[in-house]
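> predicted structure and sequence below. I'll ask about it afterward.
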Amino acid sequence: MPTLIEGAKAVYQRLQKENPHKNMKLIYYTKSDDFGKVQQFLHNDFCFNQLLPILKYDLSSIEHYTIPKEVTIKVLDLNEESVQQYIVATSRANDGIADSIGEFWFRAQDESFKPLRLM
């Protein structure tokens, strides 16, 4: 991992030097309970920018709300159009603050993540 971090920082510094007029960030997403990775990044001049708490409990035993017959819920296909629809929906649900595409794909790596569409 140290070699990967050093390589990423070197590429970032080169790109920043070649594009001084651009505001660039080097972002790496990791699970917060992977303490070894978190520590490596902290020791290599990274800082926390954002922390997304995700509940780790299985909620399948909780009684669910009955969905009205006129509402259909479908899992979105993971294509460019559906990802954009999801981003727009998160913006509407969060007072205009949308998830980024990077956040979407980070969450999509988890097998329990299901982007849904109400119809």
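Sure, I can see it. These numbers were taken from a predicted model, which means no experiment stands behind them.

> over to the spatially most central residue of the chain. Which of the three states is it?
For the chain, the residue nearest the mean C-alpha position is residue 103 (1.8 Å; CA atoms, centre = their mean). Three-state call for residue 103 (DSSP: H, G, I helix; E, B strand; the rest coil): helix.

> now residue 117
strand.

> and what of residue 5?
helix.

> next, count neighbours for the closest residue to it other than its chain neighbours.
Leaving aside its sequence neighbours, residue 5 sits nearest to residue 44 (CB to CB, 6 or more residues apart in numbering; 4.9 Å). Any C-beta I mention is one placed from the backbone N, CA and C, and that applies to glycine too. Neighbour count for residue 44, taken as other CB atoms under 10 Å: 13.

> isn't residue 44 up against residue 9?
Yes: Residue 44 is within contact range of residue 9, at 7.1 Å (criterion: CB atoms under 8 Å).

> what are the ranges of the helices in this protein?
Assigned by DSSP state H, the chain shows helices spanning 2-18, 35-43, 80-93, 101-108.

> can I get those helices in CSV with distance to residue 116 and mean pLDDT?
Below are the helices of the chain laid out as CSV (distance: least, CB to CB, whole Å; pLDDT from 0 to 100):
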stretch, distance to residue 116, mean pLDDT
helix 2-18, 34, 85
helix 35-43, 30, 81
helix 80-93, 9, 86
helix 101-108, 13, 84
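
> would a markdown table of those with distance to residue 56 be doable?
As requested, the helices of the chain are exported to a markdown table (distance: least, CB to CB, whole Å):
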| stretch | distance to residue 56 |
| --- | --- |
| helix 2-18 | 27 |
| helix 35-43 | 15 |
| helix 80-93 | 21 |
| helix 101-108 | 14 |
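
> okay, residue 65: pLDDT?
Here, the pLDDT recorded for residue 65 equals 77.

> that one and residue 71: what is the separation?
11 Å (CB to CB, to the nearest Å).

> circling back to that earlier point, closest one to residue 59 among the helices of the chain?
Closest approach to residue 59 among the helices of the chain is made by helix 101-108 (16.7 Å; CB to CB).
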